[in-house]
Every structure is written in structure tokens, then in C-alpha cells.
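Peer 1: Here is a sequence together with a model predicted from it:
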Amino acid sequence: MTVMETTATPILTTTKTKNAAKARRTGTSAVGASAVGRSDPQGDARADACASAPQAHPRPDGQDRYTISEVVAFTGLTAHTLRWYERIGLMPDINRSHTGQRRYSNRDLDWLSFVGKLRLTGMPVADMVRYAELVREGDHTFHERQELLESTRRDVLSRIAELQDTLAVLDHKIQFYGGARQAPERA
């Protein structure tokens with residue numbers, strides 16, 4: 001059995017639809033995320049030391065069969081996006097009910113949360129799909145996965161540095177205009 005990387009996601013602690021609908025209306029996600037390794041059935045966990053503690057899923061493992069509409073409510077993603085993720089190989093095989101309806105698990109919610117974090121990094125979809133393929137290939141791909149994530153991390157750090165420079169310019173201009181209101185105008 002291989003280790004399935006994903007996150008232990010803080011999901012809404014309530015399953016009330018109105019809270020999920022509110023999250024969708026306000027543009028916030030009901031799924032938080034911290035990059036934490038997924039453990040296999042034998043309990044081999046690889047956790048990010050900086051990750052926050054996971055919150056409980058809406059349902060306990062073993063009773064965690066969510067419909068696509070419930071996953072839409074929890075994550076803020078559209079049903080179309082979920083189907084597209086599955087079609088391009090970004091999502092693992094999703095279990096189906098006897099009638100053919102998708103049934104997502106807590107593990108799937110964790111994976112979606114991690115994919116959301118990868119999206120926020122600006123990682124190209126092709127790289128996310130490659131990462132998902134590497135995860136499915138097994139533990140022998142740890143090094144390649146690490147390289148892919150380290151490359152993305154370098155890109156994120158570079159963007160953060162650019163944004164910090166931009167913020168410094170904005171702060172300077174704000175300070176300049178704040179001082180200009182107090183001093184008489186120059187000719």
C-alpha cells in the first residue's frame with residue numbers, strides 16, 4: 001500500500017447547508033487547508049511540521065460518503081470543476097454508488113483541499129496532474145514529488161518577494177500622500 005499524499009483538512013464542523021451556502025455567497029471556502037501528509041492504513045504519517053491541527057470532517061471515516069452536491073457545498077468548487085478534475089486525472093478514482101452517482105470520501109475532501117492550495121501557489125494544472133500521477137505511482141516517487149514541490153515553493157517565494165517590494169512602494173506613496181495633506185502644496 002502506498003502513502004496517499006493529501007491534507008488533513010479543516011472542514012466545516014457543521015454540515016448545515018446554510019453555512020456552506022453562506023461560504024459560497026461570500027466567496028470564502030468552507031474547506032481550509034494545511035499541507036499535511038496522508039497516512040496509509042498501517043499508520044505511516046508524514047506531516048508538515050508547520051501544519052495546523054486538522055479539524056473534524058463532517059462525517060467520521062467509514063460513514064464518509066458525500067454526494068457531489070455536498071462536496072460542492074463544503075469546498076466551494078462547482079460540480080463541473082469536480083468532474084473536470086476527475087476527467088484530467090487530478091482526482092483519484094471516485095467511488096460510485098450502485099446507481100452510478102459519485103460518492104466522495106474524507107480522503108477525497110483532503111485531496112481537494114490540497115489541490116486548492118496548489119492552485120493558490122500558481123502551480124500549472126499540468127504540474128498538478130503530474131503530481132497526482134506521481135502520488136498514484138507510489139512511494140518510489142517521493143524524490144520527484146519533492147523536487148516538484150520545491151520548485152513551486154521557489155516560485156512562491158519569488159512572488160512573495162515581488163509583492164513585498166510592491167507593498168513597500170505602496171506604503172511609500174501612502175505615506176507621501178498622507179504627509180502632503182498636512183503640508184502646503186508645492187508649486
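Peer 2: Sure, I can see it.
Peer 1: Could you use CA atoms for every contact and neighbour count after this?
Peer 2: Fine.
Peer 1: For the protein, which segments count as strands?
Peer 2: Along the chain, counting by DSSP state E, strands occupy 95-96, 102-103.
Peer 1: Could you say which of these is packed most deeply?
Peer 2: Among these, ranked by average contacts under mean count of other Cα atoms under 10 Å, first place goes to strand 102-103 (a mean of 18).
Peer 1: Mind giving me the packing neighbours of it?
Peer 2: In terms of contacts (3 or more Cα pairs under 8 Å, 6 or more residues apart in numbering; DSSP states H and E), strand 102-103 is packed against strand 95-96.
Peer 1: Give me the contacts around the strand it packs on.
Peer 2: Strand 95-96 is touched from outside by 102-104, with contacts defined as Cα atoms under 8 Å, 6 or more residues apart in numbering.
Peer 1: for this protein, which helix is longest?
Peer 2: If you go by DSSP state H, the chain has its longest helix at helix 142-182.
Peer 1: In stretch 77-90, which residues are buried?
Peer 2: Buried positions in stretch 77-90, judged by neighbour count with 16 or more other Cα atoms under 10 Å: 77, 82, 85, 90.
Peer 1: would you list these in JSON lines and tack on distance to residue 165 and pLDDT?
Peer 2: Listed next are the buried residues of stretch 77-90 as JSON lines, based on distance: Cα to Cα, whole Å; pLDDT from 0 to 100:
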{"residue": "77", "distance to residue 165": "32", "pLDDT": "96"}
{"residue": "82", "distance to residue 165": "36", "pLDDT": "97"}
{"residue": "85", "distance to residue 165": "35", "pLDDT": "97"}
{"residue": "90", "distance to residue 165": "34", "pLDDT": "96"}
